[in-house]
Each structure stands twice: as C-alpha cells, then as structure tokens.
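K.L.:
predicted model follows, preceded by the sequence.
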Amino acid sequence: MAATDIDPGTPCFEAIHYLDEAMRDSLPDGVDYFVLGGIPSSAILHPDTEFDFTKETIGTTAEASDSTIRDNGTLRDVDILVARPVGKKEGERLVEQVEKATGGALEVSVFGFELHSAADDNPTRLRRSLKEWTSLRTIDDDGIIRHELYPVSVAVNPDSYRPWTLSVPELGTTVSVFSPPGHELAYESRSISGIRAKDREKVSKLRDVIESYDEFIKAIEEGDFKEWQRFVEALQQMRDGTLFHFDEERLPTGHLALAVFDAKFRALTALEGSDRIVRWAQGGTLQKLLKPFVGAK
C-alpha cells in the first residue's frame, strides 16, 4: 500500500500508517523489524500513553506524535532495524517500499544486523574499527547476537529482540518497536561519544518514565536487558579509561584499541557538540556525508 497524498508537516503517526504493511509484505514470515528513534520516543514520553505488559504494547494517542517536519524545516527520520543481516540490494528495496508507504514524508533508513566472525578478534578487526563510530548489532553462525563497539563486545539475550507494538488506535496505526527499556538503552549505547548532546534531555525523560515502572527496572537489572545495560556500562568505562579486559597475549592490541577508542571518542564528542554541525547533519548533502559517524545502526 502506498501513501501518495501526505502533506508536509503531517504527524508522524499518520505518515507511518502503512509502514507495517509495507515491511511485512517485504520481509519473509518470521523476520521481525523495529522502528527506532524519535517516533517511538514521542509515544513513550506522552502522559496519556499506556504500557500493556501482557500484550507487550505501547498504546498511545494521536496527540503524542511529532510533525514530520522539524523546527529547522528538515524531514524527520524513520530508522528501521531488521532482525537479521540485510544486503545492499535488499536494503535499497526496503527503503523504496517504505518511502512509498510513507509518501516521502520521512527520511528513511533501513539496516540489519552485521555479520560477526571469530576472526574479528585479530588486528584486522582493529583496522576495520577505524571506520566505526556507532555500535553494531552482530550475529554469528550460531545465531548469537552481540552488541559491539570495538573492542567492547557483549552477547545479549535474544529475547530482548522480541518486538513490542506501538499502537495508535484512533488512527489504526501499528508498528513494531523495541520494548521501552531497550529503546532507552539503545540511545545510551548508540555512539562512541555516549548520549549525544541533542538527545540528552530526551533520554533523561525516557529514563524517568522507565524507572517509574517496576517491570521495566527488573528487565534491565535482572531480565532480558541486563546485557544491554552491561554494554552501556562497559562503553562508559572505556570512555573513562577504566576498562582493561584484555588477555596478556593480546595486550599490545589492547593498548592500541584503547588509544583508538579514546581518539574517536574525543573527536566525535567535539563534532556532536557543535549546534551548527548538528543542524547541517539533519538535511541535505552533509547528512549523507556524516551518516557513517552519526547514523543509526
């Protein structure tokens, strides 16, 4: 189904009305997808939103939706994760289908898990990490899912990728999203620089909502998302220079990995601290140039 009559400034919840249908028609049965970023955030943060822990649903109202146009005049993003590796051609096809489904009202990005191999522990992996500024979700031949930002790698509970549903009953809109704890922790672990300056207020509010529910706290402390929290904490230890979990025979690589991580952390922190660069990165050619550094993965 295509949406061809979406006006500029339409609420996001209206623009994504056909997104779920487009993704499910485009993916094999049993393959999950997740809408990330600002669209689920606006639902989680709205005071009229209700969380159904039995049905794993975020039920919200149309009033919770942001406009598809930011205050600076650029299109908002809709970032979509597919819970398996996605090749270049498939990714392009999925983007095309979502663009049709949303009537071009949103900047569309679709990506999947990266492939992990045992060889990723050698110096070649360190060289490859020079191009990585955001964390990766990887999967290996045994189906083990890891969160990685070299040299930190944490295997996570596959149940943490069980989708929740974002539902806007009055609009008939439903899409697949992370559980709220996963959504908030994804912001915390996304960038080598930590929580980005432009997201700090939003993430603080997300954390306040999540900490007001015992079920969400338990999921983070001892449930499906405890490994996600450990990944967040390990990244912070890397930024603080207090994580030294390297085998002795790999110590030279370990020291170099720490130095590379620290240099990238400082460089991206400075980049993201510039309001002008953040504005430039939200539209046009510069958005494409900066995607490897600030784009969701």
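P.N.:
Noted; the coordinates are in hand.
K.L.:
residue ranges with poor pLDDT in the stretch 101-250 of the chain?
P.N.:
When residues are selected by pLDDT under 70, those of the stretch 101-250 of the chain lie in 118-127, 129-130, 243-250.
K.L.:
now do the SS call for residue 208.
P.N.:
Of the three states, residue 208 takes helix according to DSSP: H, G, I helix; E, B strand; the rest coil.
K.L.:
quick one: neighbours of it, just the number.
P.N.:
Other residues within reach of residue 208, judged by other Cβ atoms under 10 Å, total 11. Using the backbone N, CA and C atoms, a C-beta is placed for each residue, glycine as well.
K.L.:
how close does it sit to residue 218?
P.N.:
With distances defined as Cβ to Cβ, to the nearest Å, the gap from residue 208 to residue 218 amounts to 17 Å.
K.L.:
just residue 51 next, same as before
P.N.:
The span separating residue 51 from residue 218 equals 14 Å under the rule Cβ to Cβ.
K.L.:
same check on residue 78?
P.N.:
In this view, residue 78 and residue 218 are 30 Å apart by Cβ to Cβ.
K.L.:
who's more crowded, the two?
P.N.:
Relative neighbour count places residue 78 above the other of residue 78 and residue 218, with 26 against 14, counting by other Cβ under 10 Å.
K.L.:
quick check: phi and psi at the residue lying closest to the more buried one once chain neighbours are set aside.
P.N.:
Residue nearest to residue 78 in three dimensions, not counting chain neighbours: residue 106, with 4.4 Å by Cβ to Cβ, 6 or more residues apart in numbering. The phi and psi torsions at residue 106 (degrees, to the nearest 10) take the values phi -130, psi 150.
K.L.:
surely residue 106 and residue 74 touch.
P.N.:
No. Taking Cβ atoms under 8 Å as the definition, residue 106 is not a contact partner of residue 74, at 10.8 Å.
K.L.:
higher neighbour count, the two?
P.N.:
Of the pair residue 106 and residue 74, residue 106 is the one with more neighbours under other Cβ under 10 Å, namely 24 against 16.
K.L.:
contact partners for the more buried one?
P.N.:
For residue 106, the residues meeting the contact criterion (Cβ atoms under 8 Å, 6 or more residues apart in numbering) are 12, 15-16, 68, 75-78.
K.L.:
recalculate using a threshold of 10 Å.
P.N.:
When contacts are counted by Cβ atoms under 10 Å, 6 or more residues apart in numbering, residue 106 is found next to 6, 10, 12, 15-16, 19, 39, 68-69, 75-79, 98-99.
K.L.:
for residue 176, helix, strand, or coil?
P.N.:
Under the three-state scheme (three-state DSSP), the conformation of residue 176 reads as strand.
K.L.:
so it versus residue 229, what's the distance?
P.N.:
According to Cβ to Cβ, residue 176 stands 22 Å off from residue 229.
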